[in-house]
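> Give me a 3D structure for the following:
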Amino acid sequence: MAAHRREVDWLNEAARVRLTLDGTLSGPELAVAGRRFAVGDEVVTLTQAGHSLIPDGASRDRYVRTGTVGVITEVHIDDEEPDRQWVRADFAGRGSVKVDWRYLTVEFNDGRSGGLGHAYAITADRSQGSTMHTARAVTTDSTSRQAAYVMLSRGEREVRAYLTRARDLDHRADDEQWLPVLTTPGGPLRAVVENLERSRAERLASDLDPVAHSA
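The predicted model follows:
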């Protein structure tokens, strides 16, 4: 788990590299919406827009809902007609579903695209309400106290936090070598702890300044 989507994306990419090397992921990869999918990939549905994910042989009201985890079992690539490309995923307890191009490229209001994501890592927000045997939290100096609490309270038997600085996870941090880099005294542990100590619950603008809100 991680607090921000950019950190989750980084973790998912790192997981896929290892799974490719050990042979878990096989065959051709379908590149869509900034992600790559191959047979063996563990995925999660990010939307139920259009209620189009219907398991084979099921009625339309049995569509797969947001947050359902499955495994890619087939990838269809068509270089000449990209909109005819699709993947098939097996969702435990639900069945096999053909995920078409429209779902794979769905646009969200916040600028994101792609209705199917990788499920190797999730955000703190998405983990709320979940109970896990083991919890692994990537905690940086930009992780809020609230997010840290959510992630570290998910594990039933074991909890681990991996502390690092946010800039160390950013693959673009070294693009401009001429900029000076200020190191944090005490390393990542001090940086994360100091951020948690400063972190406060978010408040509405109307609570901070009710006069301005009324005006």
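
> Give the next helix or strand downstream of the helix or strand containing residue 190.
Following DSSP states H and E, one finds residue 190 within helix 187-198. Next helix or strand after helix 187-198 toward the C-terminus (DSSP H and E): helix 205-208.

> counting contacts, what elements does that following helix pack onto?
Packed against helix 205-208 by the contact rule (3 or more Cβ pairs under 8 Å, 6 or more residues apart in numbering; DSSP states H and E) you find helix 210-214. For the C-beta atoms, the positions are set from N, CA and C on the backbone; glycine is no exception.

> Could you pull out the strands in the chain for me?
Under the criterion DSSP state E, strands of the chain are mapped to 26-32, 35-39, 42-45, 69-76, 86-91, 95-99, 116-118, 132-139, 155-163.

> for the ones you listed, which one sits closest to residue 105?
strand 26-32 (6.3 Å; Cβ to Cβ).

> Determine the angle, from 0 to 180 degrees, between that closest one and strand 86-91.
Here strand 26-32 runs at an angle of 110 degrees relative to strand 86-91 (axes from the mean of the first three to the mean of the last three Cα atoms, to 10 degrees).

> winner for burial among the strands of the chain?
Comparing the strands of the chain by mean neighbour count (mean count of other Cβ atoms under 10 Å), strand 116-118 comes out on top with a mean of 23.

> Just the buried positions in the helix or strand of the chain with the lowest mean pLDDT, please.
Least confident helix or strand of the chain, by mean pLDDT, DSSP states H and E, is helix 205-208 with a mean of 73. Under the neighbour-count criterion of 16 or more other Cβ atoms under 10 Å, helix 205-208 has nothing buried.

> any idea of the mean pLDDT in stretch 155-167?
Mean pLDDT, stretch 155-167: 89.

> Residues contacting that stretch, please?
Stretch 155-167 has contacts (Cβ atoms under 8 Å, 6 or more residues apart in numbering) with 7, 131-142, 148, 151-152, 173, 181, 184, 188-189, 191-192.

> circling back to that earlier point, run through who's touching the helix holding residue 190.
139-143, 145, 148, 163-165, 168, 184.

> Can I get the top helix by length along the chain in CSV? Just the C-alpha atoms.
The longest helix of the chain (DSSP state H) is helix 5-21. Below are the C-alpha coordinates for helix 5-21, written out as CSV (Å, rounded to 0.1, in the frame of the first residue of the first chain):
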residue,chain,number,x,y,z
ARG,A,5,-1.4,6.9,-6.8
ARG,A,6,2.1,7.8,-8.2
GLU,A,7,3.7,5.6,-5.5
VAL,A,8,1.2,2.8,-6.2
ASP,A,9,1.9,3.0,-10.0
TRP,A,10,5.7,2.7,-9.2
LEU,A,11,5.1,-0.3,-7.0
ASN,A,12,2.9,-2.0,-9.7
GLU,A,13,5.6,-1.4,-12.3
ALA,A,14,8.3,-2.8,-10.0
ALA,A,15,6.2,-5.9,-9.3
ARG,A,16,5.7,-6.6,-13.0
VAL,A,17,9.4,-6.5,-13.7
ARG,A,18,10.0,-9.2,-11.2
LEU,A,19,7.0,-11.3,-12.3
THR,A,20,8.2,-11.1,-15.9
LEU,A,21,11.7,-12.3,-14.9
